[in-house]
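J.: Sharing a model prediction with you, sequence too.
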Number of protein chains: 2
Amino acid sequence: MIKFSINKSFFLQALNATKRAISTKNAIPVLSTIKIEVQNSNITLTGSNGQISIENTIPTSNENAGLLITSTGAVLLEANFFINIVSSLPDVTLDFEEIEHHQIVLTSGKSEITLKGKDVDLYPRLQEMATENPLVLETKLLKSIIAETAFAASLQESRPILTGVHMVLSDHKDFKAVATDSHRMSQRKLTLENTSNDFNVVIPSKSLREFAAVFTDDIETVEVFFSDSQMLFRSDYISFYTRLLEGNYPDTDRLLTNAFETEVTFNTNALRSAMERAHLISNATQNGTVKLEIANNSVSAHVNSPEVGKVNEELDTIDQSGNDLTISFNPTYLIEALKALKSETVVIRFISPVRPFTLMPGDDAENFIQLITPVRTN
Amino acid sequence: MIKFSINKSFFLQALNATKRAISTKNAIPVLSTIKIEVQNSNITLTGSNGQISIENTIPTSNENAGLLITSTGAVLLEANFFINIVSSLPDVTLDFEEIEHHQIVLTSGKSEITLKGKDVDLYPRLQEMATENPLVLETKLLKSIIAETAFAASLQESRPILTGVHMVLSDHKDFKAVATDSHRMSQRKLTLENTSNDFNVVIPSKSLREFAAVFTDDIETVEVFFSDSQMLFRSDYISFYTRLLEGNYPDTDRLLTNAFETEVTFNTNALRSAMERAHLISNATQNGTVKLEIANNSVSAHVNSPEVGKVNEELDTIDQSGNDLTISFNPTYLIEALKALKSETVVIRFISPVRPFTLMPGDDAENFIQLITPVRTN
């Protein structure tokens, strides 16, 4: 039966990272528990919601963990409840001891708390994955790719494949991530430094957002593995599994074109503030839009929501060329597109009032492209 | 028609303070608006939810306001919407100008936003109050009295009078504030430095919490005025009105007694942490209680929730005297009572397992007394 002692803060941090895979509202009740497996030289914490699974390993060799294992075993504990209890304990260390009937006695300072656990055999078996030929990526880079694309995926289940981010590796080094909800699209390209096996997968955008929360910035690189139905992100101590979406991702390349009639360069933050003002007024009308007027070397934004009021604003531009044009769109899409840009300036190219327009960062027009579809008014 | 310019941040701060009286879910639609009245030398902002009303005055004489009034008038604007718009404006100052049909044009930098307003005659008239013989109180002191008592008032409307804090002045200087929800009671006494007219009122605890949020710590003193149905807290720029509760407040003095059989002194924070652990487990059972065992010069806390587990904890005490005793109660009441104590130590006096016990701060046992009713078990 289990017996170990551990540093409370370190244990809490690992529990909280694992908890990100655990939902209290799961249809399978046992998935609201956390699995604690104590081996001779480490503890493994496992959480899963059926879509995402996280395994967090705490080795005795990690000095910060202060982990001393006296006796091995495994048990299930209600995740939220157990974590709240651990965080309330008075001392810097805690003793964790299993007694009869899967009960756990936590001792810390003068406090002794007994909790009911469950038999570990009740926990579903996670699907195993072959871990050969990893693709090694910088965590920071992967998180930045996620921030640039995942927001553009659909939140609606009517076309499930669009709730994912399409990630493709071709010629062993040409990487592409793309997401679209059919109103807007965001695509990041990248040439990898390390070559790897080609892949072509659609990853739930929700899983990618959890990935970004679990893999903190002190984890420098992650190994990535693929199978037909799932993928694994792995660092020294954390294994993060997510299922993949099934189906064919639509061909988004055909949406991209180099043709344009009008090009305007803006300061990213100034344009975003102007769109946020426009959105406050357009938002009062259902499907409210902002109208951009590009004419006579000036650009202005206009909103008219008869119920509440209107906005007229002269926009500062850095550069402007091509034809005059008037185009209407949902300002939310432009606000979110600008949030995803880390560049100080943004280049926007227009073809016509009824064709999608293209956004590129001022400093990297090649590799990061976004499209927004206008709304026909008149 | 109105025309003025003002510093945006200063205006926002005054709008946000006024907004605290405004509820978007009001049965009277016009109360979701803010009233803006522009006179020759100041602007008055008014918000009300029918229970609380706030008037905020911005004088041209306040340099930080940067207020320049060109033309006077009054208008109503949707409070939340207007405040969001003002906070989105690009420049440090804004121009506010009324045009036809109660429309307002806000100009800031190159942004021009037109909003629909409403006729000021639609706004209900606030009840006037005589403002003679104020009671002058330090804001800090009043906020501290509120923090010590308002939490103990009832949240349930079944006995409306208990949702208030009973404040009484007798002999022109003896002040008492008391609140109870019939399970616990909190009473603060005080001898005023400035004498004033006697009063005996029951103030909604919700109004007092809003008072504490509106009157920031830079406001040193407030003047307090009473009428039969309402009271007014007034500083240089802010007038805060609240209605009073009608009815007779129960006689709470009869609950207090100097008799006791057992007295224990605890460190306030250590006892609170122990009760928070106990609450995590007791909370899993409906009406869950913690049992305190005082025996043989030691005090221990025990919870047993058959569903989830149990707690046994030895409590550190500073001093202990009198009879042995075992008493059960809802740990939430003790946690909230200890939060209201600013003293490092707390003295708790017990009479018997079925009589309320008394809490006093270690450094001021005379003037701040709380009672908690135990729960009979077995």
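T.: Arrived safely.
J.: Could you list the domains of chain A?
T.: A:1-120, A:133-251, A:255-370 (the TED database).
J.: so how far is the shortest one off the chain centroid?
T.: Computed by C-alpha atoms, centre = their mean, to the nearest Å, the separation of domain A:255-370 from the middle of its chain amounts to 26 Å.
J.: touching chain B at all, that domain?
T.: Yes - using C-beta under 8 Å from any C-beta of the partner chain, we find that domain A:255-370 touches chain B at A:270, A:273-274, A:276-277, A:280-281, A:284, A:307-316. C-beta: built from backbone N, CA, C; applies to glycine.
J.: Which stretches in the stretch 1-150 of chain A count as strands?
T.: Under the criterion DSSP state E, counting those that start in this stretch, the stretch 1-150 of chain A contains strands at A:3-7, A:33-38, A:42-48, A:52-59, A:68-71, A:73-78, A:93-98, A:103-108, A:111-116, A:135-138.
J.: where does the nearest residue to A:Gly247 once chain neighbours are set aside land in three-state SS?
T.: Nearest non-adjacent residue to A:Gly247, counting by C-beta to C-beta, 6 or more residues apart in numbering or on different chains: A:Ile161, 4.4 Å away. Put simply, A:Ile161 is helix when judged by DSSP: H, G, I helix; E, B strand; the rest coil.
J.: thinking A:Ile161 is in contact with A:Val201, fair?
T.: No - contact criterion C-beta atoms under 8 Å: A:Ile161 and A:Val201 do not qualify, at 11.5 Å.
J.: Pick out whichever of these two has more residues nearby.
T.: A:Val201 (19 against 15; other C-beta atoms under 10 Å in any protein chain shown).
J.: Next up, the contacts around the more buried one.
T.: A:His166, A:Met167, A:Val168, A:Phe226, A:Met231, A:Leu244 (C-beta atoms under 8 Å, 6 or more residues apart in numbering or on different chains).
J.: mind listing what A:Leu115 touches?
T.: Contacts of A:Leu115 (C-beta under 8 Å, 6+ apart): A:Leu77, A:Phe81, A:Phe82, A:Ile85, A:Gln103, A:Ile104, A:Val105, A:Leu106, B:Val308, B:Gly309.
J.: which one in those residues is the model shakiest on?
T.: Of all these, B:Val308 carries the smallest pLDDT score, 88.
J.: what about it, how many neighbours?
T.: 21.
J.: which residue sits closest to it in space, ignoring its chain neighbours?
T.: Using C-beta to C-beta, 6+ apart, the closest residue to B:Val308 is B:Ala284 (4.3 Å).
J.: Kindly report the residues of the stretch 101-250 of chain A close to chain B.
T.: Residues of the stretch 101-250 of chain A lying near chain B (C-beta under 8 Å from any C-beta): A:Gln103, A:Lys110, A:Ser111, A:Glu112, A:Ile113, A:Thr114, A:Leu115, A:Lys116.
J.: hmm, which two among those are most spread apart?
T.: Greatest spatial distance among these (C-beta to C-beta): A:Lys110 and A:Lys116, at 22.2 Å.
J.: circling back to that earlier point, give me the buried entries from the residues of domain A:255-370 next to chain B.
T.: A:270, A:273-274, A:276-277, A:280-281, A:284, A:308-313, A:315 (16 or more other C-beta atoms under 10 Å in any protein chain shown).
J.: Among the residues you listed, find me the one that's closest to A:Leu256.
T.: A:Leu315 (25.7 Å).
J.: Can you name the residues bridging to that closest one?
T.: A:Leu315 has these beta-bridge partners by DSSP bridges: A:Val299.
J.: And the contacts of the helix ranked longest in chain A?
T.: Secondary structure of chain A per DSSP state H: the longest helix is helix A:268-282. By C-beta under 8 Å, 6+ apart, the list of residues contacting helix A:268-282 from outside reads A:288-290, A:301, A:303, A:305, A:308-311, A:313, A:315-316, A:330-332, A:334-335, A:338-339, A:341, A:343-346, A:362, B:81, B:84-85, B:88-90, B:111, B:113.
J.: Out of those residues, which sit inside strands?
T.: A:290, A:301, A:303, A:305, A:309-311, A:313, A:315, A:345-346, B:111, B:113 (DSSP state E).
J.: where in the stretch 101-250 of chain A is pLDDT low?
T.: Scanning the stretch 101-250 of chain A for pLDDT under 70 picks out no residues.
J.: where along it do the helices fall?
T.: A:139-149, A:205-214 (DSSP state H, counting those that start in this stretch).
J.: Would you reformat those as JSON lines and include distance to B:Thr191?
T.: Output for the helices of the stretch 101-250 of chain A, formatted as JSON lines (distance: least, C-beta to C-beta, whole Å):
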{"stretch": "helix A:139-149", "distance to B:Thr191": "61"}
{"stretch": "helix A:205-214", "distance to B:Thr191": "55"}
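J.: Kindly reformat the ones you listed as CSV and extend each row with mean neighbour count.
T.: Shown next, in CSV, are the helices of the stretch 101-250 of chain A (neighbours: other C-beta atoms under 10 Å in any protein chain shown):
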stretch, mean neighbour count
helix A:139-149, 19
helix A:205-214, 19
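J.: do stretch A:15-27 and chain B meet at all?
T.: No - applying C-beta under 8 Å from any C-beta, one finds stretch A:15-27 separated from chain B by no less than 14.2 Å.
J.: Show me the strands in the stretch 151-300 of chain A, by range?
T.: A:164-170, A:174-180, A:184-191, A:199-204, A:221-226, A:230-234, A:238-243, A:262-267, A:290-295, A:298-305.
J.: okay if I get these as JSON lines plus distance to B:Asp121?
T.: Shown next, in JSON lines, are the strands of the stretch 151-300 of chain A (distance: least, C-beta to C-beta, whole Å):
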{"stretch": "strand A:164-170", "distance to B:Asp121": "56"}
{"stretch": "strand A:174-180", "distance to B:Asp121": "52"}
{"stretch": "strand A:184-191", "distance to B:Asp121": "46"}
{"stretch": "strand A:199-204", "distance to B:Asp121": "56"}
{"stretch": "strand A:221-226", "distance to B:Asp121": "65"}
{"stretch": "strand A:230-234", "distance to B:Asp121": "64"}
{"stretch": "strand A:238-243", "distance to B:Asp121": "61"}
{"stretch": "strand A:262-267", "distance to B:Asp121": "45"}
{"stretch": "strand A:290-295", "distance to B:Asp121": "35"}
{"stretch": "strand A:298-305", "distance to B:Asp121": "25"}
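J.: hang on, the earlier thing: residue contacts, the residue nearest to B:Val308?
T.: Contacts of B:Ala284 (C-beta under 8 Å, 6+ apart): A:Phe81, B:Ser305, B:Glu307, B:Val308, B:Gly309.
J.: Closest one to A:Thr46 out of those residues, please.
T.: Closest to A:Thr46, out of all of those and judged by C-beta to C-beta, is A:Phe81, at 16.8 Å.
J.: didn't the closest one look like it was pressed against B:Val308?
T.: Yes - using C-beta under 8 Å, A:Phe81 is in contact with B:Val308, at 6.7 Å.
J.: A:Gly117 reaches A:Gln103, doesn't it?
T.: Yes - shown here, A:Gly117 and A:Gln103 form a contact pair, counting by C-beta under 8 Å, at 6.4 Å.
J.: returning to that earlier point: need the contacts of A:Val201 in a markdown table (columns: neighbour count).
T.: Output for the contacts of A:Val201, formatted as a markdown table (neighbours: other C-beta under 10 Å):
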| residue | neighbour count |
| --- | --- |
| A:His166 | 23 |
| A:Met167 | 24 |
| A:Val168 | 16 |
| A:Phe226 | 23 |
| A:Met231 | 21 |
| A:Leu244 | 18 |
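J.: Tell me how far the residue nearest the centre of chain A lies from A:Leu141.
T.: For chain A, the residue sitting closest to the mean C-alpha position, by C-alpha atoms, centre = their mean, is A:Arg209 at 1.7 Å. With distances taken as C-beta to C-beta, to the nearest Å, A:Arg209 is found 16 Å from A:Leu141.
J.: A:Leu12 too?
T.: From A:Leu12 over to A:Leu141 (counting by C-beta to C-beta), the distance is 29 Å.
J.: And A:Val224, how close does it get to A:Glu128?
T.: 17 Å.
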